[in-house]
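> Got a predicted structure plus its sequence, pasted below:
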Amino acid sequence: MDKRIINTPNAPAPIGPYSQAVVSNGMLYISGQIPINPATGELISGGIKDETHQVMKNLKAILEEAGVNFDHVVKSSIFVADMGDFAAINEAYGSYFGDNPPARETVEVSTLPKNVNVEISCIATLS
């Protein structure tokens, strides 16, 4: 079985029985990230844009640990507590991608872990 676990101290430690990311068959599957500062373990507050930027920084740290970057992301999933935050999340999220962003869905959910406002997961290619 082709499966390798990716973990980095530069992203929040998992808060349950899962890995930060898994590499399998040339693909990187990153678990949903929430706005936790990995250095302090504290949730980021200050508004949805700041929260989204922290989530993206966490994703970036995991991508880098696997030896890739946002250009390698082929799919992402965004979960939001309030679709009214869509424009602000979209603005922050979009600043991490160039002219060829990945496929994506954005879904409003009733509750997210630790009652945060945004969670993002992604899939990237290693080639």
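Sure, I can see it. All values derive from a computational prediction rather than experimental measurement. Numbers count the residues shown, from 1 in each chain.
> So what touches the strand or helix carrying residue 54?
Element membership of residue 54, judged by DSSP states H and E, is helix 48-65. By CB atoms under 8 Å, 6 or more residues apart in numbering, the residues outside helix 48-65 that reach it are 6-8, 10-12, 20-21, 28, 30, 33-38, 44-45, 69-70, 72-73, 85, 88-89, 91-93, 96, 116-120, 122, 124. (Glycine included, C-beta is placed from N, CA and C.)
> which among those residues end up buried?
Taking 16 or more other CB atoms under 10 Å as the criterion, what is buried in these is 6, 8, 11-12, 20-21, 28, 30, 33-36, 38, 44, 70, 72-73, 85, 88-89, 92-93, 96, 116-120, 122, 124.
> Among those, which ones are in strands?
Counting by DSSP state E, the part of the buried ones among the contacts of helix 48-65 found in strands is 6, 21, 28, 30, 33, 73, 118, 119, 120, 122, 124.
> Which members of these define the maximum pairwise distance?
6 and 118 (21.7 Å; CB to CB).
> how close does the closest residue to residue 68 other than its chain neighbours get to residue 111?
Distances taken as CB to CB, 6 or more residues apart in numbering place residue 124 nearest to residue 68, at 5.5 Å, with adjacent residues excluded. Computed as CB to CB, to the nearest Å, the residue 124 to residue 111 distance reads 27 Å.
> Residue 28 is in contact with residue 127, correct?
No - counting by CB atoms under 8 Å, residue 127 stays clear of residue 28, with 10.6 Å between them.
> what is the rounded mean pLDDT of stretch 6-15?
Stretch 6-15 carries an average pLDDT of 96.
> same thing with stretch 90-99?
pLDDT averaged over stretch 90-99 gives 96.
> Using CSV, write down the CA coordinates of that stretch.
Presented in CSV, the C-alpha positions along stretch 90-99 are these (Å, rounded to 0.1, in the frame of the first residue of the first chain):
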residue,chain,number,x,y,z
ASN,A,90,-13.2,34.3,-1.2
GLU,A,91,-11.0,37.4,-1.2
ALA,A,92,-8.6,36.0,1.4
TYR,A,93,-8.6,32.5,-0.2
GLY,A,94,-8.1,33.8,-3.7
SER,A,95,-5.0,35.7,-2.8
TYR,A,96,-3.1,32.4,-2.4
PHE,A,97,-3.8,31.2,-6.0
GLY,A,98,-2.7,32.6,-9.3
ASP,A,99,-4.6,32.6,-12.6
